[in-house]
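Colleague: Take a look and give me a structure for this.
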Amino acid sequence: MPVHDRRYRGWDGPRRALRWRFLILARHALRTVFATRFATLLFGLACLIPFGYGLFIYTVHNVDLLLSIGAQAPPADIVAPPMFYIFLITQTSLGFLLTAFVAPTLIAPDLAHNALALVLSRPFSRGEYVLGKFIVLAGLLSLVTWVPGLLLLLLQGSLAGWSWLGENAGLAWAIFASSWIWIFVVVSLSLALSALLRWRPLATGALFAVFIVGKGFGEAVSNIAATRWGRIVSLKDVEGTIWIDLFGLRDSNFAGFLPDDPLPVATCWIALAVVVSGAIALLLRRVRAVEVSS
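Modeller: Here you go, the predicted model:
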């Protein structure tokens, strides 16, 4: 029977600066992200769709190529803010599915198996632990939302002329801001629900309920009470109102995506701020090395 040497050995490798030590947690958490084929498939699909949009933008500016294959040339103004808005809706939908199946694997196992005592016994604070988990999901969702969105915007600018990009410079801010609004909301909520429920299937179902059931409940309240304020519980409507405003589509025909009597934009900003703040507060409260019951 072999006898292994288990004596303590000091770490002789490179040491990370204290302000960046949360990246250690992020690096190890990233290993669990693609543990399932479904998560890998969703991320791969979300990365492929921007290539399709890029091909579409390229063919729009190459009419000869379309005519050579017998296709009808699309109108020159088809690549406009509504197209980038639809792109963002598509990407965030896939990103939501990815988050729903990945987020519960980042925190719930540590809480369910009482592993936080081991993690927090190292020089990590609760805030750094949460930040390490948050940055993993935020980084992945950035790769499928605002990063490809801005690249598509640059592609359109290079093909249509940089004057077009100057006239539509607000699109860059709209894509970036809308993506990060959604990222903060969905990541903070998914991690908070994961920490609260501690069971992956239940946390995934709860996240779907918050966004899908919440929208139905908000519409029901609005119809029964004959008021628009029931939609305040629908995160989808709240985010959609802010997105439409950022993309400058409120006064266009594309505003049909909004209800007939949408909520004020300022109210939607306040509602999202309350949701994110509450989710982060709940997350920090649940992330403890030990629980003391009175």
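Colleague: low pLDDT regions in this protein?
Modeller: Under the criterion pLDDT under 70, the flagged ranges of the chain are 1-19, 64-77, 223, 225, 251-261, 289-294.
Colleague: Just give me the residue right at the centre of it.
Modeller: If you average the C-alpha coordinates of the chain and look for the closest C-alpha using C-alpha atoms, centre = their mean, you land on residue 183, 3.2 Å from that point.
Colleague: dump the residue contacts of it.
Modeller: Residue 183 makes contact with 137-138, 141-142, 145 under the criterion C-beta atoms under 8 Å, 6 or more residues apart in numbering. In short, each C-beta sits where N, CA and C put it, glycine included.
Colleague: now, which of these sits nearest residue 63?
Modeller: For these, the minimum distance to residue 63 (C-beta to C-beta) is 30.3 Å, reached by residue 145.
Colleague: what helix or strand does the nearest residue to that closest one once chain neighbours are set aside sit in?
Modeller: Ranked by C-beta to C-beta, 6 or more residues apart in numbering and with sequence neighbours excluded, the top spatial neighbour of residue 145 is residue 179, at 3.9 Å. Using DSSP states H and E, residue 179 sits in helix 170-197.
Colleague: State the next helix or strand along the chain beyond that helix.
Modeller: Moving toward the C-terminus from helix 170-197, the next helix or strand (DSSP H and E) is helix 200-208.
Colleague: Other residues contacting the very next helix or strand once past that following helix?
Modeller: Following the chain from helix 200-208 toward its C-terminal end, the next helix or strand by DSSP H and E is helix 214-225. Taking contacts as C-beta under 8 Å, 6+ apart, the residues outside helix 214-225 that touch it are 227-237, 259.
Colleague: Next, check those residues against the strands and list the overlap.
Modeller: With strands taken from DSSP state E, there is no overlap with those.
Colleague: Format the residues you listed as JSON lines; extra columns: neighbour count.
Modeller: JSON lines is the format used below for these (neighbours: other C-beta atoms under 10 Å):
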{"residue": "227", "neighbour count": "11"}
{"residue": "228", "neighbour count": "17"}
{"residue": "229", "neighbour count": "13"}
{"residue": "230", "neighbour count": "19"}
{"residue": "231", "neighbour count": "26"}
{"residue": "232", "neighbour count": "19"}
{"residue": "233", "neighbour count": "19"}
{"residue": "234", "neighbour count": "26"}
{"residue": "235", "neighbour count": "23"}
{"residue": "236", "neighbour count": "15"}
{"residue": "237", "neighbour count": "25"}
{"residue": "259", "neighbour count": "17"}
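Colleague: Name the residues that touch stretch 147-165?
Modeller: The contact list for stretch 147-165, computed with C-beta under 8 Å, 6+ apart, reads 47, 50, 53-54, 57-58, 61, 79, 84, 87-88, 91, 168, 171-172, 175-176, 179.
Colleague: Filter the residues you listed down to the buried ones and hand me the ChimeraX line.
Modeller: Of those, the buried ones can be selected in ChimeraX as follows, counting by 16 or more other C-beta atoms under 10 Å:
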select :50,53,57,79,84,87,88,91,168,171,172,175,176,179
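Colleague: Show me the contacts of stretch 147-165 that map onto helices.
Modeller: 47, 50, 53-54, 57-58, 84, 87-88, 91, 171-172, 175-176, 179 (DSSP state H).
Colleague: Report the secondary structure state of residue 248.
Modeller: coil (DSSP: H, G, I helix; E, B strand; the rest coil).
Colleague: With distance to residue 287, secondary structure and neighbour count as extra columns, can I get the contacts of residue 183 in CSV?
Modeller: Listed next are these as CSV, based on distance: C-beta to C-beta, whole Å; DSSP: H, G, I helix; E, B strand; the rest coil; neighbours: other C-beta atoms under 10 Å:
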residue, distance to residue 287, secondary structure, neighbour count
137, 15, helix, 25
138, 17, helix, 18
141, 21, helix, 27
142, 23, helix, 17
145, 26, coil, 26
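Colleague: Grab the nearest non-local neighbour of residue 200.
Modeller: Residue nearest to residue 200 in three dimensions, not counting chain neighbours: residue 104, with 4.0 Å by C-beta to C-beta, 6+ apart.
Colleague: Count the residues that sit near the one you found.
Modeller: Number of residues near residue 104 (other C-beta atoms under 10 Å) recorded here: 26.
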